[in-house]
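>>> need a 3D model of the following:
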Amino acid sequence: MTGELSVRFWGVRGSVACAGSEYLRYGGNTPCIEIAAGGRRLVFDAGTGIRPLGIAMGDADPLDIDLFFSHTHFDHIGGLSFFAPLFSPGNRIRMWTGHLLPDMRMPDVLRQLMAAPLYPVSVDIFKAAVQFNDFRAGETLNPAPGIVLRTAPLNHPNGATGYNTDEEYPRYRGWGHSTWQEGVRIADAAGVGTLAIFHHDPSHDDDFMDGVAAAAARARPGTNANGLPRVVVTHEGLVLAP
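Purely as a prediction, here's the structure:
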């Protein structure tokens, strides 16, 4: 990618959105990440965190947005129909999905998501110009001049595309999620500057996540070449920029 880069987390919770005083510091919205790069806005996943993102975008000017899906389990698409830019006719939104071919395409998923008796309106309610780009994980994408995304297939139930603690893992084996300790090991092996721990278990409240943050900081101390911590536990509203 060229130009300045920043990453903002609008939703960091996995599996199901959760509310309560015990989730105030890390947040309860499900996955949504906004990346600003090369003068463009890229959005990754459409969990419930995409709703406040859409509100923050406003409607003063026509928006041009690329929305990428890691996969289409409900916690990663459950906020899509509440994404305000989809309802403004001047907006252009491209949706990119890399795990559905050859059996399905993203329009098929949306029609199933927004269908009776599960939903009161259909996809026809969207007024923005929506373009669907189904690709195969492993391809290199060029959504805009100067922006290159290298994709890879992930080992996850029903497939996923890549663009939570060791002692708990045996209870969740087969769910398709790793541990933060494994993330640290992979980040070290790959020379990753900053590891962002993400997709928190809904049963992990703020106090638990504080414990994860402290343990992760001990496992990967210090800062990277840009002055950012070598590991962060993400929370809603967190912005990372070199």
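
>>> gap between R150 and G98?
For R150, the distance to G98 equals 11 Å [Cβ to Cβ, to the nearest Å]. All C-beta atoms are positioned from the backbone trio N, CA, C, and that covers glycine.

>>> comparing those two, which residue is more hemmed in?
It is G98, of R150 and G98, that has more neighbours when counted by other Cβ atoms under 10 Å, with 28 against 10.

>>> ok, A115 - how many residues close by?
12.

>>> quick one: it from L86, how far?
17 Å.

>>> how about D206?
Computed as Cβ to Cβ, the D206 to L86 distance reads 32 Å.

>>> comparing those two, which residue is more hemmed in?
Neighbour totals were compared for D206 and L86, and L86 leads with 22 against 16 (other Cβ under 10 Å).

>>> OK, contacts around that one?
Applying Cβ atoms under 8 Å, 6 or more residues apart in numbering, we find L86 in contact with G54, L80, I93, F126, K127, A128, V130.

>>> kindly report the same for P229.
T194, A217, G222, T223.

>>> need the residues you listed in a markdown table (columns: neighbour count, secondary structure and pLDDT).
Below are these laid out as a markdown table (neighbours: other Cβ atoms under 10 Å; DSSP: H, G, I helix; E, B strand; the rest coil; pLDDT from 0 to 100):
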| residue | neighbour count | secondary structure | pLDDT |
| --- | --- | --- | --- |
| T194 | 17 | coil | 94 |
| A217 | 15 | helix | 97 |
| G222 | 8 | coil | 96 |
| T223 | 11 | strand | 96 |
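
>>> now the two most distant members of those.
Taking Cβ to Cβ, the two most distant members of these are T194 and A217; they sit 12.1 Å apart.

>>> now for these two: what residues contact both?
P229, V231.

>>> would you mind giving the contacts of L86 as CSV with secondary structure added?
Formatted as CSV, the contacts of L86 follow (DSSP: H, G, I helix; E, B strand; the rest coil):
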residue, secondary structure
G54, helix
L80, helix
I93, strand
F126, coil
K127, coil
A128, coil
V130, strand
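
>>> out of the residues you listed, the closest to Q181 would be?
Within the contacts of L86, the smallest distance to Q181 is 32.0 Å, found for L80 (Cβ to Cβ).

>>> contacting residues for that closest one?
With Cβ under 8 Å, 6+ apart, L80 has these contacts: A46, I50, L86, L110, L113.

>>> what do you get for L5?
L5 sits next to I35, A36, A37, A241, P242 when contact means Cβ under 8 Å, 6+ apart.

>>> lowest pLDDT pick from those?
The weakest per-residue confidence within these falls on P242 (80).

>>> surely that one meets T223?
No. Using Cβ atoms under 8 Å as the test, P242 is too far from T223 to be in contact (11.3 Å).

>>> shared neighbours, these two?
Counting by Cβ under 8 Å, 6+ apart, nothing touches both P242 and T223.

>>> circling back: drop anything exposed from the contacts of L86.
G54, L80, I93, F126, A128, V130 (16 or more other Cβ atoms under 10 Å).

>>> distance of the fourth one relative to L80?
Okay, so that is F126. Separation of F126 from L80 (Cβ to Cβ): 10 Å.

>>> then the third one?
For I93, the distance to L80 (Cβ to Cβ) stands at 10 Å.

>>> mind saving the C-alpha coords of stretch 203-213 as PDB?
Only the C-alpha atoms of stretch 203-213 are listed here, as PDB (Å, rounded to 0.1, in the frame of the first residue of the first chain):
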ATOM      1  CA  SER A 203     -17.200 -14.700  28.000                       C
ATOM      2  CA  HIS A 204     -14.000 -12.700  28.400                       C
ATOM      3  CA  ASP A 205     -14.800  -9.500  30.300                       C
ATOM      4  CA  ASP A 206     -12.700  -6.400  30.800                       C
ATOM      5  CA  ASP A 207     -10.800  -7.900  33.800                       C
ATOM      6  CA  PHE A 208     -10.000 -11.100  31.900                       C
ATOM      7  CA  MET A 209      -8.800  -9.100  28.800                       C
ATOM      8  CA  ASP A 210      -6.600  -6.900  31.100                       C
ATOM      9  CA  GLY A 211      -4.900 -10.100  32.200                       C
ATOM     10  CA  VAL A 212      -4.400 -11.200  28.600                       C
ATOM     11  CA  ALA A 213      -2.900  -7.800  27.700                       C
END
